[in-house]
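Asker: no sequence for this one, just the structure:
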């Protein structure tokens, strides 16, 4: 990844997720263009989910906790290729992703993403990228629910918890 990520190029997409142009990371976040991103849950073989804390140098929500990993889809890149790249970059994981769902993230006039959510089952302990993540560990849902009361989590977490519960109810480990 380049040192200056503000010049990364992303596809601008319509509400229906059709590519209608391209813009830099900085432009999509300052002009409110809809762009693509991926989130993925990382599970261990027991079905626990990996909960992680972002580093202090993150552009958005530094040191917040998350129940997913993720990132932007680069211009011309597929969602699946993006999740494979992000899994390797952030956690050293190269397993095949399982598509779970998609949603539209619209938190404010400049934060507009079409998101696809995946799950990956780790065959080894994640190797966290120290530029991205401060710490993390696998947790049962009941442990996660307690942590949600104690720490600051990303704003999309309530929706992601519901997606996780629905997924786990359909896919018992």
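Answerer: That came through fine. Note that the structure is predicted; figures quoted are calculated from it, not measured. Residues are numbered from 1 along each chain as shown.

Asker: what's near enough to touch residue 160?
Answerer: By Cβ atoms under 8 Å, 6 or more residues apart in numbering, the contact set of residue 160 is 39, 67, 68, 117. Every residue, glycine included, has its C-beta placed from N, CA and C.

Asker: Now intersect those residues with the strands, please.
Answerer: Cross-referencing those against strands under DSSP state E gives 39, 117.

Asker: Which one (most neighbours) among the contacts of residue 160?
Answerer: Within the contacts of residue 160, most neighbours by other Cβ atoms under 10 Å means residue 39, with 27 neighbours.

Asker: my guess is it contacts residue 70, does it?
Answerer: Yes. Using Cβ atoms under 8 Å, residue 39 makes contact with residue 70 at a distance of 3.9 Å.

Asker: Now the common contact residues for those two.
Answerer: Joint contacts of residue 39 and residue 70 (Cβ under 8 Å, 6+ apart) are residue 115.

Asker: what's the closest of the contacts of residue 160 to residue 151?
Answerer: The shortest approach to residue 151 among the contacts of residue 160 belongs to residue 67, at 11.2 Å (Cβ to Cβ).

Asker: List the residues that contact the most centrally placed residue in the chain.
Answerer: Of all residues in the chain, the one closest to the mean position by Cα atoms, centre = their mean is residue 70, 2.4 Å from it. Residues counted as contacts of residue 70 (Cβ under 8 Å, 6+ apart) are 37, 38, 39, 40, 83, 86, 115.

Asker: does residue 160 count as helix, strand or coil?
Answerer: Look at residue 160: counting by DSSP: H, G, I helix; E, B strand; the rest coil, its state is helix.

Asker: Tell me which two in the contacts of residue 70 are the farthest apart.
Answerer: Farthest-apart pair in the contacts of residue 70 is 86 and 115; separation 12.3 Å (Cβ to Cβ).

Asker: For those two, work out which one has more neighbours and name it.
Answerer: The neighbour comparison of residue 86 against residue 115 (other Cβ under 10 Å) goes to residue 86, with 24 against 20.

Asker: Quickly note the distance from that one to residue 121.
Answerer: Residue 86 sits 16 Å away from residue 121, going by Cβ to Cβ, to the nearest Å.

Asker: can you check residue 105 too?
Answerer: Distance from residue 105 to residue 121, by Cβ to Cβ: 25 Å.

Asker: other SSEs contacting the helix or strand hosting residue 90?
Answerer: Secondary structure from DSSP states H and E places residue 90 in helix 79-91. Judged by 3 or more Cβ pairs under 8 Å, 6 or more residues apart in numbering; DSSP states H and E, the packing partners of helix 79-91 are strand 35-43, strand 69-72, strand 111-121.
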